[in-house]
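1. Sequence and predicted model, in that order:
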Amino acid sequence: LSMRQRSSLALRVALAAVLLLVGVDRVRAADPDALYAQHCAACHGAQRIGAMGPALLPESLERLRRPEALKVITQGRVATQMLGFRDKLAAEEMAALAAWIYTPVSPAPMWADADIRASRVQTADSSKLPNKPAWRADPMNLFVVVEGGDHHVSLVDGDRFEPIHRFASRYALHGGPKFSPDGRFVYFGSRDGWITKYDLWNLALVAEVRAGLNTRNVAVSADGRWVLAANYFPHTLALFDAELNLVKTFAATTLDGKTSSRVSAVYDAAPRRSFIVALKDIAELWEISYDPKAEDIFDGLVHDYRMREGLSKPGFLGVKRTRLEEPLDDFFFDQSYRHVLGATRPKADGQPSAQVVNLDIRRKIAELAVAGMPHLGSGITFAWNGTTVLASPNLKDGALDVIDMKTWKPVRTIKTPGPGFFMRSHE
């Protein structure tokens, strides 16, 4: 080759090498799998189920907007071990990671009974701690303030409005704190599935366990013996004793096991000595009794249960199913705990999306004339004109709907400047 040809060939080779490097960079930017394994897996787990850091599953990130996720990847989180990556990764790589964590993990991660039991950590033996508060305040008049912004909990004296203590919590607590009957212990549930038991009297963490990979909320029984966790992922309920030892799990499925569901919510129905459970994807409402003397459960048609017709199963910690026309997203009890007032998904035609279910006869008995997205789980009741009424905010419309709880008819709709989330009353 001539000198000119050799120079041209060398130039083409050099250009090809540059293009190859550029192509590699673009592949890297489009390969968040590899970026995650290199930079994220050590803290968030190889399957994104969480470890030192929180889970990065689509179900766990429902409340974190994608621009905010990119901001966290870029800048990190203040006062945490999450450092920003703007000095290590290109903008395209960080954007690819931010988009990728909202995609499902394949194959889907599992979280079985053995995983739950292995996750439990006990940090204190509450039986050996003093059986009285270590601080001067009314132990039954406290504010437990969940600080979502920086993942802490503050304990505040309800008489003096002064802080007593502040401690770090798990990431993204959800569903509200639940208390033991004597007010000594508080239980928290996190979006990542962690349940925490904390001794308020001794200001000590007692135990933690991971009930699932994405948890909706927890409920504590009126007798303080049981803790039930409602999971979005996997589709289960996890039942624990008061020390957070796993007792059993319930698969959130239809009776034939062919269809499974996320669990919308679980609440304690103290007068019934049972938990009431709403399912997100199955049109059923469950009642799980923790009364050792609970009557047997009959899932099929029975002419006379006193004659022991049909096949039964034990009522204690068994699932009693009420079949509905459509699933409930959230619900509220009347004062007798005989009725559940549940919200269904909003209808496109604006028709009412709430109903009343009688737990004793196990069927819907009325529809509530409330359209939009009523947030019945955050409603209130109060006496008015000789009757009891329910007032519910609406997540979609700017209105408070007031319902007569004897007739289940609307009393009044109060317009508000915008949608509402919570209501509280003095009763």
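-> That came through, no problem. Numbering: from 1, shown residues only.
2. On the C-terminal side of the least confident helix or strand in the chain by mean pLDDT, identify the next helix or strand.
-> Least confident helix or strand of the chain, by mean pLDDT, DSSP states H and E, is helix 3-29 with a mean of 48. Downstream of helix 3-29, the next assigned helix or strand under DSSP states H and E is helix 32-39.
3. Mind listing what's buried along that next one?
-> Pro32, Leu35, Tyr36, His39 (16 or more other C-beta atoms under 10 Å). Where C-beta positions appear, they are placed from N, C-alpha and C, glycine not excepted.
4. Show me what secondary structure element comes after it.
-> Scanning onward from helix 32-39 (DSSP H and E), the first element met is helix 41-44.
5. Now do that next one, average pLDDT.
-> For helix 41-44, mean pLDDT rounds to 90.
6. Contacts for the helix or strand just after that helix, please.
-> Following helix 41-44 in sequence order, the next helix or strand is helix 66-75 (DSSP H and E). Taking contacts as C-beta atoms under 8 Å, 6 or more residues apart in numbering, the residues outside helix 66-75 that touch it are Leu61, Met82, Gly84, Phe85, Arg86, Met94, Ala95, Leu97, Ala98, Ala99, Ile101, Tyr102.
7. How many residues are close by the closest residue to the third one other than its chain neighbours?
-> It refers to Gly84. Among residues not flanking Gly84 along the chain, Gly76 sits closest, at 3.7 Å (C-beta to C-beta, 6 or more residues apart in numbering). For Gly76, the neighbour count with other C-beta atoms under 10 Å is 14.
8. Just the element for the residue nearest the centre of the chain, please.
-> By C-alpha atoms, centre = their mean, the mean C-alpha position of the chain lies nearest to Arg216, the distance being 1.6 Å. Here Arg216 is covered by strand 214-220, with elements defined by DSSP H and E.
9. Next secondary structure element downstream of that strand?
-> In N-to-C order, the element after strand 214-220 by DSSP H and E is strand 226-233.
10. any idea of the angle that next one forms with strand 214-220?
-> Angle between the axes of strand 226-233 and strand 214-220 is 160 degrees (criterion: axes from the mean of the first three to the mean of the last three C-alpha atoms, to 10 degrees).
11. Which residues does strand 226-233 contact?
-> With C-beta under 8 Å, 6+ apart, strand 226-233 has contacts from 57, 59, 111, 178, 187, 189, 193, 195, 211-221, 237-242, 244, 247, 252, 262-266, 275, 277, 280, 288, 290.
12. filter those residues to the buried ones?
-> 57, 59, 111, 178, 187, 189, 193, 195, 211-221, 237-240, 242, 244, 252, 262-266, 275, 277, 280, 288, 290.
13. Could you double-check that Phe185 lies in contact with Leu200?
-> Yes: Phe185 lies in contact with Leu200 (C-beta atoms under 8 Å); the separation is 6.8 Å.
14. one step back: with adjacent residues omitted, what lies nearest to the residue nearest to the centre of the chain?
-> Nearest non-adjacent residue to Arg216 (C-beta to C-beta, 6+ apart): Ala230, at 4.3 Å.
15. Specify the beta-bridge partners of that neighbour.
-> Asn217, Leu237 (DSSP bridges).
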